[in-house]
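Peer 1: Return a 3D structure for these sequence lines:
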Amino acid sequence: MTTTRASGTKRFGQTALATPANATTLARILVAVPALVLMHDRGSAWLTVGLWFSVTASDSLDGWLARRDGATRSGAFLDPVADKVIVLGGLAVLAQRGDIWWWPALVIAAREFGISTYRSIAGRRGIVIPAVRLGKYKAFVQYSAVGFVLLPWTADSIGLQQSVLVLAVILTVVSGALIVRHGYIDWQRNDS
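Peer 2: Down below sits the predicted model:
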């Protein structure tokens, strides 16, 4: 672990565990639990949407901390896990309550687990498949799809909620296809 910071150097090496970014990621997961419980029990409420906003907005904070202090292997593992727990948990709770359709939650879950498996298989072959820029927009729209259901101002705007949810599904599928395409191209280069 690097502890001093010269111009252009990072505070933490790739093997560091106790970093501000990792602490933020773990806090996101911990705060997601009461947010999901409130979502299940209360649905649309200011407290619920406030917790949801803090959990989702802190995604940018942990990314910023990782870029500032140095990305770690543990962070590269924990951050996507946190994102999946939060998004899939939120969608599952809302679908179980009947606030959204089940099919978008299932499509998004299938994509997330499918891409994770694909990256794992590629990683065993020495191929690293980075995230695509569209993935950031996808995550924002997924968070927003849940948020619009929880926000009291938009709780009765079913058309708006469904439109954002369908957009989230489209971005999820398209970003997944881009990741598969990039991986396939790298796979072909690797096999040549």
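Peer 1: what does stretch 109-129 rub up against?
Peer 2: Here stretch 109-129 makes contact (C-beta atoms under 8 Å, 6 or more residues apart in numbering) with 80, 84, 87-88, 91-92, 172-173, 176, 179-180, 182-183, 186-187, 190. The C-beta positions use only the backbone N, C-alpha and C, and glycine is treated the same way.
Peer 1: Now do the SS call for residue 12.
Peer 2: Classification of residue 12 using DSSP: H, G, I helix; E, B strand; the rest coil returns coil.
Peer 1: how about the nearest residue to it, chain neighbours excluded?
Peer 2: For residue 12, ignoring the flanking residues on the chain, the nearest one in space by C-beta to C-beta, 6 or more residues apart in numbering is residue 70 at 4.3 Å.
Peer 1: So the one you found sits against residue 22, correct?
Peer 2: No. Contact status for residue 70 versus residue 22: not in contact, 11.3 Å apart, counting by C-beta atoms under 8 Å.
Peer 1: To what extent is the residue nearest to residue 12 buried, counted in neighbours?
Peer 2: 20 (other C-beta atoms under 10 Å).
Peer 1: What pLDDT is listed against it?
Peer 2: As predicted, residue 70 sits at a pLDDT of 76.
Peer 1: Backbone dihedrals for it, please?
Peer 2: Torsion angles at residue 70 (phi, psi; degrees, to the nearest 10) stand at phi 120, psi 130.
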